[in-house]
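# Predicted structure and sequence below. I'll ask about it afterward.
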Amino acid sequence: MKNLLIGWLFVLALSTGIQSFATETLVSKNFLLKDTTGVKHQLSNYKGRWVLVNYWATWCPPCLEEVPDLVNLYDHHRKKDLMVIGVVFDYKNVKEVTDYMDDMLMSYPVVLGDDAVIAQIGSAEVLPTTFIYNPQGVLVKVKRGLITKQYVESIIGTSKD
């Protein structure tokens, strides 16, 4: 009877998407990523600050739309209470990424996405997807789709700047 109950709970979890949420929340709590300039970013180094890890692609219209808000958030909060790390996927080459970063005036660090990044952070069914970690380093939200400055500030508890 116990095995039957466990089996039904597993089916329920699959059908309601709980499994993907559980997988995302159980992924490594202390990721280590290297950005396009060679700088290493470890979650534990940002203790006391919110951390946004934003998955994006150069061909993605909503990704393009959210960049100005992410730049604004990073520029206004990076020294106080927030770190933004972009992770680019599905790109042709590094030059395409760095040209895009220059064109969009992206001031926050960008990591070249690969299977190692996915193993540490989690996967995304859509782009953009943003993983939001609280100041204690706990993943508290996975936001699929466009993210705005107002949305982030409502989560981190500020509305100034």
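Perfect, thanks for sending it. Residues are numbered from 1 along each chain as shown.
# Secondary structure element holding the residue nearest in space to the middle of the chain?
With distances taken as C-alpha atoms, centre = their mean, the residue of the chain nearest its centroid is Val53 (2.4 Å). Assigned by DSSP states H and E, Val53 falls within strand 50-56.
# contact partners of that strand?
31, 43, 63, 66-67, 70, 73, 77, 81-89, 113, 121, 124, 127-135, 137, 147, 152, 155-156 (C-beta atoms under 8 Å, 6 or more residues apart in numbering). All C-beta atoms are positioned from the backbone trio N, CA, C, and that covers glycine.
# Just want the angle from the helix or strand following that strand to strand 50-56.
Where DSSP H and E defines the elements, the next helix or strand beyond strand 50-56 is helix 61-77. Here the directions of helix 61-77 and strand 50-56 differ by 150 degrees (axes from the mean of the first three to the mean of the last three C-alpha atoms, to 10 degrees).
# continuing past helix 61-77, what's the next helix or strand?
Immediately after helix 61-77, counting by DSSP H and E, sits strand 82-88.
# Is Ile132 in contact with Val140, as I believe?
Yes. Under the criterion of C-beta atoms under 8 Å, Ile132 makes contact with Val140 at 5.7 Å.
# the more surrounded of the two?
Taking other C-beta atoms under 10 Å, Ile132 and Val140 do not tie; Ile132 has more neighbours (21 against 12).
# quick one: contacts for that one?
50-52, 139-143, 152, 155.
# show me where the chain has strands.
Using DSSP state E, the strands of the chain run over 32-34, 40-42, 50-56, 82-88, 110-112, 129-133, 139-144.
# quick one: which of those is nearest Tyr100?
Closest to Tyr100 of the strands of the chain is strand 82-88 (C-beta to C-beta; 8.0 Å).
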